[in-house]
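**Q** coords please:
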Amino acid sequence: MRLLHTMLRVGNLDESLKFYCDVLGMKLLRRKDYPGGEFTLAFVGYGEEADHTVLELTYNWGTETYNLGDGYGHIAIGVEDIYATCEAIRDRGGKVTREPGPMKHGSTVIAFVEDPNGYKIELIQLSSNQATSAPQQPQTASV
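**A** Okay, here's the model as predicted:
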């Protein structure tokens, strides 16, 4: 068994695709309209579905917003240079909601960004050389 995809309901598919593809660097893998059900599915990811877990963006025609609830946590993406990644996300119009720094009560370097629908995406520093581009004063924001 393996994890295939995570589905997010989105209020504006074009805006969401721009964020996930242009800001986070994913690729649109496939998109299909379902006129009978009045919805569109778009699958995005960093690699083909046969080898990678992807995101399914579901747009229900005519629904512009959703209550995200308090059960949803976040999607996590591993990155090689979290500081440069956050800078690039900001440069592309993305919203960094928690600057890179050690997680509360730990040493893993994380940051958070938010998509146009309010979904949180956690960035996690993958490389072992985490301090190379770290700011002089450590960030202390909580998770």
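
**Q** Please enumerate the strands of the chain.
**A** Taking DSSP state E as the test, the strands found in the chain are 5-9, 27-34, 39-45, 54-60, 75-79, 95-102, 109-114, 120-125.

**Q** Could I get the pLDDT score of whatever residue is furthest in space from the centre of the chain?
**A** Most distant residue from the mean C-alpha position of the chain: Gly36, 29.6 Å away (CA atoms, centre = their mean). Looking at Gly36, its pLDDT is 96.

**Q** Can you tell me how far it is from Asp70?
**A** Going from Gly36 to Asp70 by CB to CB, to the nearest Å gives 33 Å. Just so you know, the C-beta spots here come from the backbone N, C-alpha and C atoms, and that holds for glycine as well.

**Q** for Glu38, phi and psi?
**A** With angles defined as degrees, to the nearest 10, Glu38 sits at phi 60, psi 50.

**Q** quick one: it from Leu8, how far?
**A** Distance of Glu38 to Leu8, computed by CB to CB: 18 Å.

**Q** who's more crowded, these two?
**A** With neighbours defined as other CB atoms under 10 Å, Glu38 and Leu8 compare such that Leu8 has more, 18 against 12.

**Q** Can you give me every residue that contacts the more buried one?
**A** 16, 55-58, 117, 119 (CB atoms under 8 Å, 6 or more residues apart in numbering).

**Q** Make a markdown table from the residues you listed and add pLDDT to it.
**A** What follows is the contacts of Leu8, written out as a markdown table (pLDDT from 0 to 100):
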| residue | pLDDT |
| --- | --- |
| Ser16 | 98 |
| Leu55 | 97 |
| Glu56 | 97 |
| Leu57 | 97 |
| Thr58 | 97 |
| Asn117 | 96 |
| Tyr119 | 96 |
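
**Q** No further queries at this time; thank you.
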